[in-house]
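In: need a structure here:
(chains A and B)
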Amino acid sequence: MDPMQAIKDTFFQECEEQLGELETGLLAMENGSGDEETVNAVFRAVHSIKGGAGAFKLDKLVKFAHVFETTLDKIRTGQLAPATPVMKSMLRAADVLADLVTFSREGGTFDDARSNELIVELNAHCEQKTGEANAEEAPAEEADNNPFAALGWEPVALALEPDVNEYVIIFKPKPELYAKGNETTRLMRELSRLGALTVHCETADIPLLADLEPEQSYLSWRATLRSDQDLATVQSVFEFVDGDCHLDIEVIDFTRETPPEPEPEPAAAPVVEVVAVVEEAKPALEEVTAALEAVKATAPPPREAAKADANGANNATQNTIRVDLDRVDRLINLVGELVINQAMLTQRVLEAGAVKNASIATGLDDLEHLTREIQESVMAIRAQPVRPLFQRMSRIVREIADATGKNVRLKTEGEGAEVDRTVIERLADPLTHMIRNAVDHGLERPDQRIAAGKAAQGEVRLSAAHKSGRVVIEVADDGRGIDRQKVKAIAIKKGLIAADALLTDAEIDNLLFMPGFSTAETVSNISGRGVGMDVVKRSIQALGGRISITTKPGHGSTFSLSLPLTLAVLDGMVVKVADQTLVVPLNSILETMKPKGGEVYGLGPDSQVIGIRGGFTPLIDVGYALGFRSERADPMAGVTLLIETEGGVRSALMVDAIQDQRQVVIKSLEANYGHVEGIAAATILGDGRIALILDADAIVNASTGRNTPSEMLLAG
Amino acid sequence: MSMKILTVDDSRTMRDMLRLALSGAGFNVVQAVDGVDGLDVLERETPDLVITDINMPKMDGFGFIEGARRIDRFRVVPILVLTTESDPDKKMRAKNAGATGWIVKPFDPVKLVDVIRRVAA
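Out: Numbers count the residues shown, from 1 in each chain, chains lettered A, B, ... in the order given. All right, here's what the predicted structure looks like:
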């Protein structure tokens, strides 16, 4: 890849990180938990983005970042107080900046009006507090862009002067010049690049050795330069030593007949001769400098305090590395193979009857242990904190709050919880939708809230936590809660349930997840984007997750998502069905039981139910449902697994026998073969055989012919 | 032997660009991510020239320059400051801390090498 392109990619990656920092910092400033370092970090984030953008000539980004940075600098230096209106603009500016970064990376269209509007807004904040200072600043900045202005020179006039000029340069460095690592030799070398140079070193000021202070500067130089360059160019040679030396540059113009010659120096000396002198002067000069430097080197050592300081702070070095995602995935894949291979080896050893040999058994145990540990460690590489995802949500909240005129605060908890990268990526859309719903449907308008005796500002709480091997993400609002009467009425109106259906509160809440359900009386352009909670539910299920609602009328609702930490492995129960080995995901199994006679009842011509503790649950013969056998097996001969589908519906799956419970590596069936109804994926077992992983939901739906919980409810 | 240059910058983009420009010009490049790291590198490396950013976490450019100047070996090594704006205040502060000169970002590789040549032996 083109190295510049690679750097550009890095830049955009870095932008994402900086934008995250920016958002976090601004939010901390907004809620008052930020300190000085927070402001600095925020400033640095914008500053870095601007710096990189400049290098890639991303002008729009630079322009906006500059205004943003200026405002932040005002806050940083205490000239502007981070009051609420200012912080609101800042947060919006962060959003625009993020959009500009995206635009710069991906192209497309960008609404200049938005950024311009914010530029005006930010400038207004700056001027408001520092009206006068700012007014003065503008011309000052301009002057800065034109270094000649301050010098009272007209660069254009000089630049157009094509003729050779002669400059007489009197240069006397101060000790500070050397202390900053500048050297007369190098300055003279630069001058000699501009034209023919003669240099004369003034040594008269050098004291007797006894009085000589090694760090003092005693020498001065007088240089005569003949060059076609203008004065500004000559002056620019001394740009870095400005203030650290006495400098006097005089222009003697040949082209005009008025050479005022205050110095008796050979101003009109022939060029050839001058060059020769320069060549002579150079070694001499270098000698002097070398001598000076030698003196400096033997000077007594300076204070050592800084060294100790630096040592103390040294522990903090880089502790992360950047790895291509493909490499990690390849590693995960290989570890998956390793796990399979290890299981296979164990099985072969068992078959060979060598298990009585204690050392082999111990070795196998260790191997299994190590393999499991390697696998977990590798999975941990893919795990990422949910923080960036949560940060994105705060923006969503702001946008919707603005659009709906609601006053909302987003509170996040547990941003450090780590989940597989893929899970995070695929969680963004559903979570966005849930957050939108919470603000748009869940929270009341400020006046309604006050009328209900609540604070005008609503709260949406987004939290993540690890619970028994899964991550639970909750979106909670303190709004009005779900209006069950209304939900039921809508469901009846839309024909989703029968008018006389008797539903429990939980069942009514779950109606929200039904396809084609929308509670908004008028579809707003915020939540009503043709995506309902049913889509949210499907995407969560596709990730192997579950979603549930709890709501308290008048006090708010909570949507909980329970997700697996990784998509690469699964804890499963290995079962036998009609001589086939299947894996049932452990997270859907509630309990296992052996049916007794009299518990199984036929229901209609083609279905059976099983009585469990006073209730009835549909009984599904997995072998029959998957077409492994054409006749139903005897329920008494097998084992039943009581499972709960994502919709919260219970079913009993009938299998022939339970073999094992283990972690299996998920292999996509779609990618290697094709989609099979009722099968989620495949895995390779220890004996090298392929086992199919059961999609419990699909089996239940296909077997009962009932696709939705409500229909199930109707039947019940 | 080619000249060794230490660059101190918290932005990965900037570090990459500096490395590209400098190694392209035949310099030997060592890099640090902030002032503290920079001083750490100076403990074990002896660069012939240092280029540092100003705005950095942990220890900014000013602190880094002051720290470097306190190390005997680096009292007179040229230190260039990277600044985005031609802010005279910042230049003055950098100079007072002991900076030799400055490079205004965004730089092009030619300009960068030019400035280095100006201050380096």
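
In: Residue A:428 in helix, strand or coil?
Out: Put simply, residue A:428 is helix when judged by DSSP: H, G, I helix; E, B strand; the rest coil.

In: Can you get me a residue count around it?
Out: Residues lying near residue A:428 (other Cβ atoms under 10 Å in any protein chain shown) number 15. Backbone N, C-alpha and C define where each C-beta goes, glycine included.

In: For the residue nearest the centre of chain B, give its distance to chain A.
Out: In chain B, the C-alpha nearest the mean C-alpha coordinate belongs to residue B:51, at 1.1 Å (Cα atoms, centre = their mean). From residue B:51 across to chain A, the span is 12 Å (Cβ to the nearest Cβ, to the nearest Å).

In: wouldn't that residue be in contact with residue B:4 here?
Out: No - if you go by Cβ atoms under 8 Å, residue B:51 and residue B:4 don't touch, sitting 11.8 Å apart.

In: just to revisit the earlier point, contacting residues for the residue nearest to the centre of chain B?
Out: B:5, B:6, B:7, B:8, B:9, B:18, B:79, B:80, B:81, B:82, B:103, B:116 (Cβ atoms under 8 Å, 6 or more residues apart in numbering or on different chains).

In: surely the first one meets residue B:25?
Out: In this case it means residue B:5. No - using Cβ under 8 Å, residue B:5 is not in contact with residue B:25, being 9.5 Å away.

In: Neighbour count: the two, which is higher?
Out: residue B:5 (24 against 17).

In: just to revisit the earlier point, and the residue nearest to the centre of chain B, what are its phi and psi?
Out: In terms of degrees, to the nearest 10, the main-chain angles of residue B:51 are phi -120, psi 130.

In: same check, this time on residue B:65
Out: According to degrees, to the nearest 10, residue B:65 has phi -60, psi -50.

In: list the contacts for the closest residue to it other than its chain neighbours?
Out: Nearest in space to residue B:65, with sequence neighbours left out and distances taken as Cβ to Cβ, 6 or more residues apart in numbering or on different chains, is residue B:97 at 4.2 Å. Listed by Cβ under 8 Å, 6+ apart, the contact set of residue B:97 reads B:61, B:62, B:63, B:65, B:66, B:69.

In: buried residues in stretch A:322-333?
Out: residue A:332 (16 or more other Cβ atoms under 10 Å in any protein chain shown).

In: do the same with stretch A:615-627
Out: Buried residues in stretch A:615-627, counted by 16+ other Cβ under 10 Å: A:616, A:617, A:618, A:619, A:620, A:621, A:622, A:623, A:624, A:625, A:626.

In: Going by residue numbers, what spans are helices in chain B?
Out: Counting by DSSP state H, chain B has helices at residues B:12-24, B:35-44, B:61-70, B:88-97, B:109-119.

In: nope, the stretch 601-716 of chain A is what I meant
Out: Per DSSP state H, counting those that start in this stretch, the stretch 601-716 of chain A carries helices over the ranges A:622-625, A:669-672, A:696-704, A:709-715.

In: Show the low-confidence segments of the chain, by residue range.
Out: If you meant another chain, say so; for now it's chain A. A:1, A:128-163, A:253-319, A:354-355, A:468-469, A:516, A:518-531, A:646-648, A:704-716 (pLDDT under 70).

In: switch to chain B, that's the one I care about
Out: B:1, B:85-87, B:121.

In: what residues are up against residue A:566?
Out: A:379, A:382, A:383, A:420, A:423.

In: wait, isn't the first one in contact with residue A:567?
Out: No - using Cβ under 8 Å as the test, residue A:379 is too far from residue A:567 to be in contact (9.8 Å).

In: Need the overlap of contacts for the two.
Out: Common neighbours of residue A:379 and residue A:567 (Cβ under 8 Å, 6+ apart) are residue A:420.

In: And these two? Which one has more around it.
Out: With neighbours defined as other Cβ under 10 Å, residue A:379 and residue A:567 compare such that residue A:567 has more, 21 against 18.

In: Residue A:168 belongs to a strand, doesn't it?
Out: Yes - Residue A:168 forms part of a strand when assessed by three-state DSSP.

In: Pull the number of nearby residues for residue A:418.
Out: Going by other Cβ under 10 Å, the residues that sit close to residue A:418 add up to 17.

In: Look up how far residue A:334 lies from it.
Out: The span separating residue A:418 from residue A:334 equals 22 Å under the rule Cβ to Cβ, to the nearest Å.

In: now swap in residue A:445 and tell me
Out: Counting by Cβ to Cβ - residue A:445 and residue A:334 are separated by 56 Å.

In: Closest to chain A out of the contacts of residue B:51?
Out: Closest approach between the contacts of residue B:51 and chain A, by Cβ to the nearest Cβ: residue B:79, at 5.9 Å.

In: That closest one reaches residue B:52, doesn't it?
Out: Yes - at 6.5 Å, residue B:79 counts as touching residue B:52 under the criterion of Cβ under 8 Å.

In: More neighbours: those two, which one.
Out: residue B:79 (28 against 25).

In: now the more buried one, which residues is it bridged with?
Out: residue B:50 (DSSP bridges).

In: count of neighbours near the closest residue in space to residue B:19 that isn't next to it in sequence?
Out: Spatial nearest neighbour of residue B:19, excluding adjacent residues (Cβ to Cβ, 6+ apart): residue B:29 at 5.1 Å. The number of residues packed near residue B:29 is 21, by other Cβ under 10 Å.
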